[in-house]
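Trainee: Let's see this in three dimensions:
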Amino acid sequence: IGIITMHAVAPYEFTEQHQTFVSNTAALVAGAIENAQLYENTQRKLNILTTLSVLSQTISSGLYLDDMLRSLATLTVQIMEADLCVIMLMDQSKGRLTVRASSPHFNDRVLNFQPIDVDRNVWEKLRELGEVSLHTSSVRGQLPEMNVYSLERLNPLKDSHYKTLLSAPLISGTEHLGLINCYFSKTHRYTLEDQTLLGTIANQVALAIKNSHLVDLLAQKNLVKGFFDDLMQSTYDSEDSLRQRANFLGCDLSRPHVVAMIEVSHIDEVSDEGRRQQETSIQTDDDRLAAHKRISSQIRRRIQDSYPGSVVYERENLLTCIICLSKDPTGGRLKTWLRDLSRQVRTEHHVDLSIGIGNSCQSIADYRRGFAEAREALQMGQNLNQEGGITHFNDLGVYRYLYKIAHMDDLRDIYQDQVARIANY
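Mentor: Numbering: from 1, shown residues only. A predicted model of the protein is given here:
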């Protein structure tokens, strides 16, 4: 712990009693110091536990994401006794980290926050470090696991007065959500406890971000479902309010659109090698639903990338799409593009796509008809082509009437029996 000394003016000779006194005094002082350290350590752990409890309550409070992140950054500053905490989130579309919250709260001009472009290698390095915090004794110091260049790339503060950085990745499952950085004005050597503590906080923050994303996704999905239902059934209050809802979803109803319905179904008859792959990749209903969700998400992204302004509603293995034709006003290329998409998905995932397409919708009143046409084209197309394929409503021809006649009477008569004999022969 330390050392205690006793001095006297020379000449002076210390006796055995002096030595005993100093030894006893040293033991008492050491005990007092140790007790004080234990008390401070216990008090600090109590404060940490209390703040962690508040942090958990904040996560479950239902705040909007930005408000929640600011509160979590403030609590992190208290727990880690840091001078600044910065939470950055990953923009998946751009592969870039941007600052979403800081405590104390400063704007970008004060601290000169810079966006960070992150490549795959840096994220893989973070992933290798797992959920254990990255640490260094100086922002420009030497890291045992990551080199200085990699660490500098994850620092949004350039040429700041902060001396020490403690950093941890925000990871949920296999998804990289962002990064949390704690800055200190003084140089400090961190312990394993500090690393573990920030790692625990990072896990909680990642959980809060993921939950918020899921809530937003569910709300978005409900908005899309309600929007589609109103268009399909013509139950909207007014066209102006419907147009506003469409604009919120990124859909401009003043442009021409086509309604398409896409059903994903797994191939039953495949080669021996394909069957083995299918059996190993999809074994349970949960696996099948997860595969449908993954494939549906990929199809949705491809549609929206090739036809911007389109809206897609996913439900199990069925996708209902309102495809914007701003780049293809006549829709002449849509059928060919969907056929190519079907081939790609079949090759990549060993599934068939059955697609029904309606006629172009020029006004809001056309969409009820468009949904009905797409649904009928999908149903009849599945009966006419068991292996999936693209069916446009206008291609149904006379089969549209024969299909309805065949399904509107379940009672057999003498003519059906005679035709059945001929068919069997």
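Trainee: can we go C-alpha only for contacts and neighbour counts from here?
Mentor: OK.
Trainee: which sections of the stretch 151-300 of the chain are below the confidence cut-off?
Mentor: 151-154, 158-160, 217-218, 266-285 (pLDDT under 70).
Trainee: Can you show me the helices along it?
Mentor: 192-233, 239-248, 272-281, 285-306 (DSSP state H, counting those that start in this stretch).
Trainee: And Ala423, how close does it get to Tyr401?
Mentor: For Ala423, the distance to Tyr401 equals 21 Å [CA to CA, to the nearest Å].
Trainee: Give me the distance between Val9 and Glu16.
Mentor: 18 Å.
Trainee: what's the following helix or strand after the helix or strand hosting Lys45?
Mentor: Per DSSP states H and E, Lys45 falls inside helix 16-59. As assigned by DSSP H and E, the chain's next helix or strand after helix 16-59 is helix 65-80.
Trainee: got the buried residues for that next one?
Mentor: For helix 65-80, a neighbour-count test (16 or more other CA atoms under 10 Å) marks 65, 68-80 as buried.
Trainee: So, low pLDDT: which residues of the stretch 301-425 of the chain?
Mentor: In the stretch 301-425 of the chain, residues with pLDDT under 70: 386-388, 402-413, 416.
Trainee: mind listing the strands in it by residue range?
Mentor: Using DSSP state E, counting those that start in this stretch, the strands of the stretch 301-425 of the chain run over 311-315, 318-324, 351-361, 389-392.
Trainee: and the ones you listed as TSV, adding distance to Ser265 and mean neighbour count?
Mentor: Listed next are those as TSV, based on distance: least, CA to CA, whole Å; neighbours: other CA atoms under 10 Å:
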stretch	distance to Ser265	mean neighbour count
strand 311-315	13	19
strand 318-324	9	23
strand 351-361	5	24
strand 389-392	11	22
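Trainee: Among the ones you listed, which comes closest to Arg375?
Mentor: strand 351-361 (6.4 Å; CA to CA).
Trainee: Look at Ala326 and say how many residues are nearby.
Mentor: Not quite, residue 326 is Ser, not Ala. For Ser326, the neighbour count with other CA atoms under 10 Å is 16.
Trainee: ok, now how distant is it from Thr174?
Mentor: Ser326 is 37 Å from Thr174, by CA to CA.
Trainee: likewise His7?
Mentor: For His7, the distance to Thr174 - CA to CA - is 64 Å.
Trainee: low pLDDT regions in the stretch 1-150 of the chain?
Mentor: 60-62, 93, 106-115, 117-150.
Trainee: Now with 50, please.
Mentor: 109, 130-148 (pLDDT under 50).
Trainee: quick one: contacts for Ser234?
Mentor: 365, 368 (CA atoms under 8 Å, 6 or more residues apart in numbering).
Trainee: oh sorry, the question was meant for Ser71
Mentor: Ser71 neighbours (CA under 8 Å, 6+ apart): Thr58.
Trainee: was I right about Leu179 contacting Ser167?
Mentor: Yes. Judged on CA atoms under 8 Å, Leu179 makes contact with Ser167 at a distance of 7.2 Å.
Trainee: circling back: for Val9 and Glu16, indicate the residue with more neighbours.
Mentor: Glu16 (9 against 6).
Trainee: For His161, see how far away that one is.
Mentor: Taken as CA to CA, the span from Glu16 to His161 is 54 Å.
Trainee: Same list (the strands of the stretch 301-425 of the chain) but as JSON lines, adding distance to Ser103.
Mentor: JSON lines is the format used below for the strands of the stretch 301-425 of the chain (distance: least, CA to CA, whole Å):
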{"stretch": "strand 311-315", "distance to Ser103": "38"}
{"stretch": "strand 318-324", "distance to Ser103": "43"}
{"stretch": "strand 351-361", "distance to Ser103": "49"}
{"stretch": "strand 389-392", "distance to Ser103": "55"}
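Trainee: State whether Ser102 is indeed within a strand.
Mentor: Yes. Assessed by DSSP: H, G, I helix; E, B strand; the rest coil, Ser102 belongs to a strand.
Trainee: For it, which non-adjacent residue is spatially closest?
Mentor: Val86 (4.4 Å; CA to CA, 6 or more residues apart in numbering).
Trainee: in which helix or strand would I find that neighbour?
Mentor: Applying DSSP H and E, one finds Val86 within strand 84-91.
Trainee: That strand pairs with which strands, and in what direction?
Mentor: strand 96-103 (antiparallel), strand 175-184 (antiparallel) (DSSP bridges).
Trainee: what's the closest of those to Thr196?
Mentor: strand 175-184 (13.6 Å).
Trainee: Put the alpha carbons of the closest one into CSV.
Mentor: Extracted in CSV, the C-alpha atoms of strand 175-184 (Å, rounded to 0.1, in the frame of the first residue of the first chain):
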residue,chain,number,x,y,z
GLU,A,175,-25.4,-7.7,-37.0
HIS,A,176,-23.1,-4.8,-36.4
LEU,A,177,-25.2,-1.9,-35.1
GLY,A,178,-22.5,0.7,-34.1
LEU,A,179,-19.9,1.7,-31.6
ILE,A,180,-19.8,3.3,-28.2
ASN,A,181,-16.7,5.4,-27.3
CYS,A,182,-15.8,6.8,-23.8
TYR,A,183,-13.3,9.7,-23.7
PHE,A,184,-11.2,10.8,-20.8
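Trainee: how close does the closest residue to Ile303 other than its chain neighbours get to Lys225?
Mentor: Of all residues not flanking Ile303 in the chain, Ser310 sits nearest, at 7.3 Å (CA to CA, 6+ apart). According to CA to CA, Ser310 stands 14 Å off from Lys225.
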